[in-house]
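K.L.:
Please work out how this folds:
(one chain, ligands or ions: 1)
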Amino acid sequence: MRSLIDIVDLSVEEITELIDTANDIIANPEKYCEKCRHKKLATLFFEPSTRTRLSFEAAMLELGGNVIGFSAANNSSAAKGESVSDTVRTVGCYADIIAMRHPKEGAPMIASMRSPVPIINAGDGGHNHPTQTLADLLTIQREKGRFDHLTVGLCGDLKFGRTVHSLIHALSRYEGVHFVMISPEELRVPEYMIQEMQKNGISYEETRSLEEVMPQLDILYMTRVQRERFFNEADYIRLKDSYILTLDKLETAKKDLCVMHPLPRVNEISVAVDDDPRACYFKQVSNGKYIRMALILKLLEVE
Ligand code: CP
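P.N.:
Reported below is the predicted structural model:
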């Protein structure tokens, strides 16, 4: 039995297989509509979500399965003090697979040690978000046709932005990827990740200016400043509008730039950018459902 806690739990070959399956589902959805008949997915969301929870649920329904779960900790016995371990041991009696989001870093990993069924990390605190990365990778593959030899700009809250952490880990495994990390000083990528990148010889630079680096980027991955992770509201207010992508700023960008954002957006991308052909963030939303269908099939070992 396998869980997905960190994106590197999947080999490069397995990621390629998942992307191939997702592309086949997009092309031939009818082939898959009964694959999970009589299977149940439980979505245990101890933190708010729109895309991740609903795309997991849509994914299982489109595979012919069923869904159960809760969308907030206060709708579950966690509100009475039940541990994550006891929760998953219980839900494992009712469901075949569990997608879990939790505000505490490492909670899905602890859950996977006690769960009788596969656990999928649907976001743990400011740590990781591996299935968002799978959606991002499917989008990059469909837009750029490759993962190697790309210059990838990561902009905004790189400290608490869990999607960025998982994406760096995923793309670091491909040749010729250069990361351009654009953030205020206070929201730089965590030091442990910088050390990892240096140790593994990953090519990167850090800057405060989006405008300066815009012309060199193949991908621009914008992120929201993660208000819920700040200890101090004044710091959030000071930093929240550090970067706002507008059509003016895109004038110096490559014609085939891919503008990405895991969403939700607050103010980081002007709505005027949505109509630019380079805007890919709603494609990420759509791709998220298909890659989660592929992941459910893999973890349930459905042929
Ligand atoms: N990208 C993402 O995780 O969105 P939600 O918080 O809406 O699930």
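
K.L.:
From here on, just use CA atoms for contacts and neighbour counts.
P.N.:
Will do.

K.L.:
do the longest helix seen in the chain and the ligand meet?
P.N.:
Ranked by residue count, the top helix of the chain under DSSP state H comes out as helix 281-299. No - applying Cα under 6 Å from any ligand atom, one finds helix 281-299 separated from the ligand by no less than 7.8 Å.

K.L.:
quick one, helices of the stretch 201-303 of the chain?
P.N.:
Along the stretch 201-303 of the chain, counting by DSSP state H, counting those that start in this stretch, helices occupy 210-213, 233-239, 281-299.

K.L.:
Pick the most buried one from those.
P.N.:
Stretch with highest mean neighbour count among the helices of the stretch 201-303 of the chain: helix 281-299 (a mean of 22; mean count of other Cα atoms under 10 Å).

K.L.:
Please identify the buried residues of stretch 45-61?
P.N.:
Applying a neighbour-count criterion of 16 or more other Cα atoms under 10 Å, one finds 45-47, 51-53, 55-61 buried in stretch 45-61.

K.L.:
about what we covered before: which among the helices of the stretch 201-303 of the chain is found nearest to L187?
P.N.:
helix 233-239 (8.7 Å; Cα to Cα).

K.L.:
can you list the helices of the stretch 201-303 of the chain in JSON lines and add mean pLDDT?
P.N.:
Putting the helices of the stretch 201-303 of the chain into JSON lines (pLDDT from 0 to 100) gives the following:
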{"stretch": "helix 210-213", "mean pLDDT": "97"}
{"stretch": "helix 233-239", "mean pLDDT": "84"}
{"stretch": "helix 281-299", "mean pLDDT": "98"}
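
K.L.:
ok, back up a step: okay, and which of the buried residues of stretch 45-61 map to strands?
P.N.:
F45 (DSSP state E).

K.L.:
Distance to the ligand and pLDDT added to the buried residues of stretch 45-61, as CSV?
P.N.:
Output for the buried residues of stretch 45-61, formatted as CSV (distance: Cα to the nearest ligand atom, whole Å; pLDDT from 0 to 100):
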residue, distance to the ligand, pLDDT
F45, 10, 98
F46, 12, 97
E47, 8, 96
R51, 4, 98
T52, 4, 98
R53, 6, 98
S55, 8, 98
F56, 10, 98
E57, 12, 98
A58, 13, 98
A59, 14, 98
M60, 16, 98
L61, 18, 98
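
K.L.:
Out of the buried residues of stretch 45-61, the closest to I25 would be?
P.N.:
I25 has its nearest neighbour among the buried residues of stretch 45-61 in A59, at 10.7 Å by Cα to Cα.

K.L.:
Surely the closest one touches M293?
P.N.:
Yes - between A59 and M293 a contact is recorded at 4.9 Å, counting by Cα atoms under 8 Å.

K.L.:
right, is stretch 265-275 up against the ligand?
P.N.:
No - Stretch 265-275 lies apart from the ligand when judged by Cα under 6 Å from any ligand atom; the minimum separation is 9.3 Å.

K.L.:
coming back round to it: can you list the helices of the stretch 201-303 of the chain in TSV and add distance to P184?
P.N.:
Formatted as TSV, the helices of the stretch 201-303 of the chain follow (distance: least, Cα to Cα, whole Å):
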stretch	distance to P184
helix 210-213	11
helix 233-239	8
helix 281-299	23
